[in-house]
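Visitor: My questions concern the predicted model and sequence given below.
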There are 8 protein chains.
Amino acid sequence: MELTVYLAGQIHDDWRDQVAQKAKEKNLTLNFVGPQTDHDLSDNIGENILGEQPGGYYKDDAASSINNLRTQVLMQKSDLVIALFGEKYKQWNTAMDASTAVALDKPLILIRPEELIHPLKELSNKANVTVSSVDQAMEVIQYIYK
Amino acid sequence: MELTVYLAGQIHDDWRDQVAQKAKEKNLTLNFVGPQTDHDLSDNIGENILGEQPGGYYKDDAASSINNLRTQVLMQKSDLVIALFGEKYKQWNTAMDASTAVALDKPLILIRPEELIHPLKELSNKANVTVSSVDQAMEVIQYIYK
Amino acid sequence: MELTVYLAGQIHDDWRDQVAQKAKEKNLTLNFVGPQTDHDLSDNIGENILGEQPGGYYKDDAASSINNLRTQVLMQKSDLVIALFGEKYKQWNTAMDASTAVALDKPLILIRPEELIHPLKELSNKANVTVSSVDQAMEVIQYIYK
Amino acid sequence: MELTVYLAGQIHDDWRDQVAQKAKEKNLTLNFVGPQTDHDLSDNIGENILGEQPGGYYKDDAASSINNLRTQVLMQKSDLVIALFGEKYKQWNTAMDASTAVALDKPLILIRPEELIHPLKELSNKANVTVSSVDQAMEVIQYIYK
Amino acid sequence: MELTVYLAGQIHDDWRDQVAQKAKEKNLTLNFVGPQTDHDLSDNIGENILGEQPGGYYKDDAASSINNLRTQVLMQKSDLVIALFGEKYKQWNTAMDASTAVALDKPLILIRPEELIHPLKELSNKANVTVSSVDQAMEVIQYIYK
Amino acid sequence: MELTVYLAGQIHDDWRDQVAQKAKEKNLTLNFVGPQTDHDLSDNIGENILGEQPGGYYKDDAASSINNLRTQVLMQKSDLVIALFGEKYKQWNTAMDASTAVALDKPLILIRPEELIHPLKELSNKANVTVSSVDQAMEVIQYIYK
Amino acid sequence: MELTVYLAGQIHDDWRDQVAQKAKEKNLTLNFVGPQTDHDLSDNIGENILGEQPGGYYKDDAASSINNLRTQVLMQKSDLVIALFGEKYKQWNTAMDASTAVALDKPLILIRPEELIHPLKELSNKANVTVSSVDQAMEVIQYIYK
Amino acid sequence: MELTVYLAGQIHDDWRDQVAQKAKEKNLTLNFVGPQTDHDLSDNIGENILGEQPGGYYKDDAASSINNLRTQVLMQKSDLVIALFGEKYKQWNTAMDASTAVALDKPLILIRPEELIHPLKELSNKANVTVSSVDQAMEVIQYIYK
């Protein structure tokens, strides 16, 4: 049984590669999709396609419209969602993707460091499972196949 | 026509009172609901009802389960949602409530200061309308009645 | 039994007043809602609330975001939709509101002049009932009460 | 990952061929579906199958019932929708297909010339992304795969 | 607690009056809605409103479009549906309304004479409760209030 | 593009074979499913599996529960539904399957002889397309592929 | 704000009276609905209305069809559900009502004694909040109004 | 036609092997999924992945969150559900899975011994088909292919 997993969360380190590597080691037949991880491309895609915009707000809105279309297509293809929160940044897109998954009945695994237990408590309570590392998230997925 | 409005967002200042005051001045027949604004009560409600928990994580999970039930009941009663982001704090609950509103087809007005345009760009793009002040949000609602 | 009727369509003549007048004559307990009929206000509401925008496209997008929120709130309150097409203008909002009603399972009465039979044929086929005058539309609604 | 794209919009030029050509050049694994592009066939299909009808209205209604069935089957198979507005014609079917896509949570890319910014502003605001050329639309889709 | 009950089924005798009479005797706070019971009006409503049609098929289609709009409005207002089958007639509208109720998760009570057990067996199996008289149906509804 | 078609309707002649034959002649890649066409098996399947029942009503209810499960599985797999009414029999299952298809947003083609125009008028009006022969129904499906 | 609460669970003691008494003491504007609490009536309602059945299985099936209709009507009217498990009995109806509430997005409070923590762990994890007494459940509801 | 079947129910004997064996004998192209059948693993999976918990309740809640995610993924992949009740144990998970299947419109076959007719009567009435042995359940599925 193949499953498609949407990997929501920060795009500033290589955690998605770790996920893919673990899946390979565990021989899990998973397809991974997720947000655009090239940060500059993600910020500039609006102006890249639509041309220069009249200021920061408009540049951001143009980029986000294309990022949101991309996410909507890919999340609709997914069987479950992993959302990883790191120790830095606002990470509101991660919260948005995780909340959308819950509202659409997509099973959700939340990964967050211990420091974030308190501010993420309501979102954590809505997730199916909350863990604190990529390893644990992959053990949860492996358990589906056991 | 009466409308019920869920006021998602920070609970550290009196913006909900401002909203109610504006509604009164404009003679809008609105009912307001929202998250628990007594911060201590919101943090302690789990232990208040269920008794002492074995540590911070469990205390937080107990509280958040009750906060989430409260929000689910009240948002299901709402015709539209206002979500206000301030300049401080993580505000992941605001992102969660706003994203849930969008996924459930509840019309959404986002209020955010200019400093947050960039990190909130994808959520802002999903909202029906994004404004930068409570006054503007209330003018949007007033427009429904015009 | 009270019913709420969303009156989609052109805002350049007084057809909504005719509808209300007919309802009164027939003693039908109907509430009417619909798009903003003050054309200037509808075009300027974005800049009125959000301030000057950097050009026509942005002014239009700001206005339309607020018009769309207004329509979403009001159509969700409605039990059925009347959509009137006239002989002039593009009237894409009328097509948009009528199609949305069908997709959301809101019963739809289409009013269109004979000249528009051919270009509106697919939308007409999706409507519950297609008529060519306000009088006929009100007779259809009166029939619900018979 | 294969995606199926419904190409709503005018049937009077070869824009669908351009779309297919661009997809090929970019090596995108897309399947394209869309409305009947043989205009005469689309107008006559009702009488072709059901026999002569008693006048224009009935001929049109017969044809549109079959065109609507075709569109419903194909749009339900689609992962996203591109809707192109040109400079001529009423194009209410394009508005209808685009609005239906939004209501059914199908991601929507709108293509429209600058002349149509104002009359299409509400529909444009509902689309995920609005562009002004086929090239830009295909760059948006290409971005999903990046 | 008030409940609205849609009374689907034949329009050739006074069973709806019996239902209303029983409800009154039992002091049940029920509102009743249902299809048009004036048979001639139901058959002619299309031509009454839209004018003469070019033959029987078109007359019937015009009438049925208005009857279907009426039923859709009223069934959406209902909390449960009673569908009565009698011993005569095709009664396909009764089957249609009953099946629609099941598909829309409206609780359904089926009334049918013993002669019809076999041909109605699949529909009866989908209903919540199948009875053989109006009296029994009203006892089922009375039980909701006990 | 493969499509799965549910063939609702009478099981007393070979119309499903004609459908399959036409599909083959037209080179349409269709899969056909439908109700149990072995009439005796359909009537007896309850007692065959569950053992003798205490009378006709119970025998029928046991059989219909298994027939309904079968139909639910197969209709959920289908992309569109053809429902054929013949000149004889009650055919309430056909009406039930056709109505369920409409309520579940499955495109519906209705086949009925001219004699049944009047009693089937409301159901015909709800169908996407109504035709009077198997040939015409297959031409409608062929049109999807054109 | 009035809320309607469905009280699922055992019918062998007076816990529903305690709930109503607590609500009164706390001045909560709640309406309570729930399953039939007259055990004999609940078991016999099938035969009471439909007449004697040919054995225990058929008597039970007749009763349960009427009990299920009653529950479906009342749960659809409810804003939230309390499900209480006691120390005795199978209580599968309680599990059924609680699971249905979760699947229909009705907020759920589970009350269960400590002895049942292990066998109810999956259902408890699906509930919004799990408590061990009626008092605690009412404090949770009171918190909605704070 | 391949079908995926979720096998809900007790994990204390080899009934799932019997099911698979029967499917093989009957040449049915079925895929089977179901809950974790290694009882110890199912109880300990929370602590296995998340580490030691502060007591039985927390250990159970951790395990159940992972079991529930697993079930949600697998049931969403399923075309129908078989739920088997045995003579021992509380079996509330079986009731939960069966009720969830009904609420999500997944066809349901219930297997239960005669001793459980009375306490399972409401759930049995909601199932599509109720049988008393694995053999009978497999004959029902075989009938789908006939």
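Guide: Ah, there it is.
Visitor: outside of whichever strand or helix holds residue A:96, which residues touch it?
Guide: Using DSSP states H and E, residue A:96 sits in helix A:92-103. Identification of contacts with helix A:92-103 by CB atoms under 8 Å, 6 or more residues apart in numbering or on different chains yields A:6, A:8-10, A:35, A:71, A:75, A:81, A:83-85, A:107-108, A:110, A:123, A:126-127, B:91-92, B:95-100, B:102-104, B:119-120, B:122-123, B:126. Yep, even glycine has a C-beta here, placed from its N, CA and C like the rest.
Visitor: those strands in chain A, which residues are they?
Guide: Using DSSP state E, the strands of chain A run over A:3-9, A:30-33, A:80-84, A:108-111, A:129-131.
Visitor: What residues sit buried inside the first one?
Guide: By neighbour count on 16 or more other CB atoms under 10 Å in any protein chain shown, the buried set for strand A:3-9 is A:3, A:5, A:6, A:7, A:8, A:9.
Visitor: now do stretch A:108-126
Guide: Buried residues in stretch A:108-126 (16+ other CB under 10 Å): A:108-112, A:116-126.
Visitor: Out of the residues you listed, which sit inside helices?
Guide: The members of those that map onto helices under DSSP state H are A:121, A:122, A:123, A:124, A:125, A:126.
Visitor: From what I see, the first one and residue B:58 are in contact.
Guide: Put plainly, it is residue A:121. No - in this structure, residue A:121 is not within contact of residue B:58 by CB atoms under 8 Å, at 10.5 Å.
Visitor: Let me see the contact set for residue A:72.
Guide: Going by CB under 8 Å, 6+ apart, residue A:72 touches D:105, D:107, D:128.
Visitor: What's the local residue count around residue A:141?
Guide: Here the count is done by other CB atoms under 10 Å in any protein chain shown, and residue A:141 has 24 residues near it.
Visitor: shouldn't it be in contact with residue A:27?
Guide: No - if you go by CB under 8 Å, residue A:141 and residue A:27 don't touch, sitting 12.0 Å apart.
Visitor: Show me which residues of chain A sit near chain C.
Guide: Contact residues (CB under 8 Å from any CB of the partner chain) of chain A with chain C: A:54, A:55, A:58.
Visitor: Quick one: name the residues of chain A near chain H.
Guide: Checking chain A against chain H by CB under 8 Å from any CB, the hits are A:1, A:3, A:79-80, A:105, A:107, A:109, A:128-131, A:136, A:139-140, A:143-144, A:146.
Visitor: which of those residues count as buried?
Guide: A:3, A:79-80, A:107, A:109, A:128-131, A:136, A:139-140, A:143-144.
Visitor: Dump those residues to TSV, plus distance to residue A:44 and pLDDT.
Guide: As requested, those are exported to TSV (distance: CB to CB, whole Å; pLDDT from 0 to 100):
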residue	distance to residue A:44	pLDDT
A:3	32	98
A:79	31	98
A:80	30	98
A:107	33	98
A:109	31	98
A:128	35	98
A:129	35	98
A:130	34	98
A:131	34	98
A:136	35	98
A:139	37	98
A:140	35	98
A:143	40	98
A:144	38	98
